[in-house]
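Trainee: Here is my input; please provide its structure:
(one chain, ligands or ions: 1)
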Amino acid sequence: MNDKSIGWNPWHGCRKVSEGCRHCYVYRQDAQWGADSATARRTAQFDLPVRRDRRGRFKVAAGSMVFTCFTSDFMLEDADAWRGECWQMMALRRDVDFMFFTKRIERLTEVLPADWGEGYDNVTIGCTVENQEEAERRLPIFTQLPIRHKVIICAPLLSRIDLRRWLDRTIEEVSVGGESGPDARIADYDWVTDLRQQCVEADVPFRFHQTGARLLKQGRLYRIPRAHQHSQARRAGIDYKIERHTPLSND
Ligand code: SF4
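Mentor: Predicted structure coming up:
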């Protein structure tokens, strides 16, 4: 990960929209202190990208990668009143890269800023597809949208997915991960390597970013502690042509 990577969560809380949300980690975390995850609220770090120190310099350094809205969905309906200011901050900080993932890609065109054009150069958008059904629903939309940097996130991986129709040079990376948490559903390693093969054939970078908590490999079910899910995925050594880094998934 970029050594200037930071997280920016301008709001917190979300509503579940598809199977991939069933064991959402935001809900799991909030449950520990009885917080209501379904009601989104602006956070104290809402204006983080434009905050300045006493000498007037931006606190978020030029060249940083800002992983955006990982305790919600940047396209969340309940955040429509707040998102405009976030676009403005992204437009102002062209010296910083922003990346967010969404399960609501169908909302993008209705919430884009007027000066978006073919996309901001410094914004990467990830379309999450956890199974074939969501791939069929979201990717025909995603691939047609004006976005400068596109990635596909297959996480939590819930089924074998055929992405071939949507893999071309406009996709900068496919990132794959299993589900974490005590109730995690099983990810089959064959599904992972199948996605890798699709990426190799299309010459699209591929990343296996985490195993998830329950990984089925060659007929054996592995239970992998949270602390080892990312390192075990790296140890599999199956990433392909990676040039940039995507963050930890939010599932
Ligand atoms: S944060 Fe993501 S996984 Fe959680 S409910 Fe929202 S869209 Fe679903």
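Trainee: Find me the pLDDT at residue 32, would you?
Mentor: Per-residue confidence at residue 32 stands at 95 (pLDDT).
Trainee: ranges for the strands of this protein?
Mentor: Ranges of strands in the chain, per DSSP state E, are 5-8, 11-12, 41-42, 65-68, 97-102, 123-128, 149-154, 171-177, 187-188, 206-210, 214-217, 220-223.
Trainee: Kindly reformat those strands as CSV containing mean neighbour count, mean pLDDT and distance to the ligand.
Mentor: Yep, even glycine has a C-beta here, placed from its N, CA and C like the rest. Formatted as CSV, the strands of the chain follow (neighbours: other CB atoms under 10 Å; pLDDT from 0 to 100; distance: least, CB to the nearest ligand atom, whole Å):
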stretch, mean neighbour count, mean pLDDT, distance to the ligand
strand 5-8, 17, 97, 14
strand 11-12, 22, 98, 10
strand 41-42, 14, 98, 14
strand 65-68, 24, 98, 12
strand 97-102, 24, 98, 7
strand 123-128, 25, 98, 7
strand 149-154, 24, 98, 10
strand 171-177, 24, 98, 12
strand 187-188, 22, 98, 16
strand 206-210, 25, 98, 15
strand 214-217, 18, 98, 18
strand 220-223, 10, 98, 22
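Trainee: can those go into CSV with extra columns for distance to residue 229?
Mentor: CSV is the format used below for these (distance: least, CB to CB, whole Å):
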stretch, distance to residue 229
strand 5-8, 18
strand 11-12, 23
strand 41-42, 29
strand 65-68, 18
strand 97-102, 18
strand 123-128, 18
strand 149-154, 15
strand 171-177, 8
strand 187-188, 10
strand 206-210, 4
strand 214-217, 9
strand 220-223, 11
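Trainee: just so I know, which of the ones you listed lies nearest residue 85?
Mentor: strand 41-42 (9.8 Å; CB to CB).
Trainee: The closest one pairs with which strands, and in what direction?
Mentor: strand 11-12 (antiparallel) (DSSP bridges).
Trainee: which ones are touching the most centrally placed residue in the chain?
Mentor: Nearest to the mean C-alpha position of the chain, by CA atoms, centre = their mean, lies residue 101 at 3.4 Å. Taking CB atoms under 8 Å, 6 or more residues apart in numbering, we find residue 101 in contact with 70, 73, 74, 125, 126, 127, 128, 153, 249, 250.
Trainee: what's near enough to touch the third one?
Mentor: Contacts of residue 74 were listed using CB under 8 Å, 6+ apart, and they are 68, 83, 86, 100, 101, 102.
Trainee: Grab the nearest non-local neighbour of residue 113.
Mentor: residue 87 (4.1 Å; CB to CB, 6 or more residues apart in numbering).
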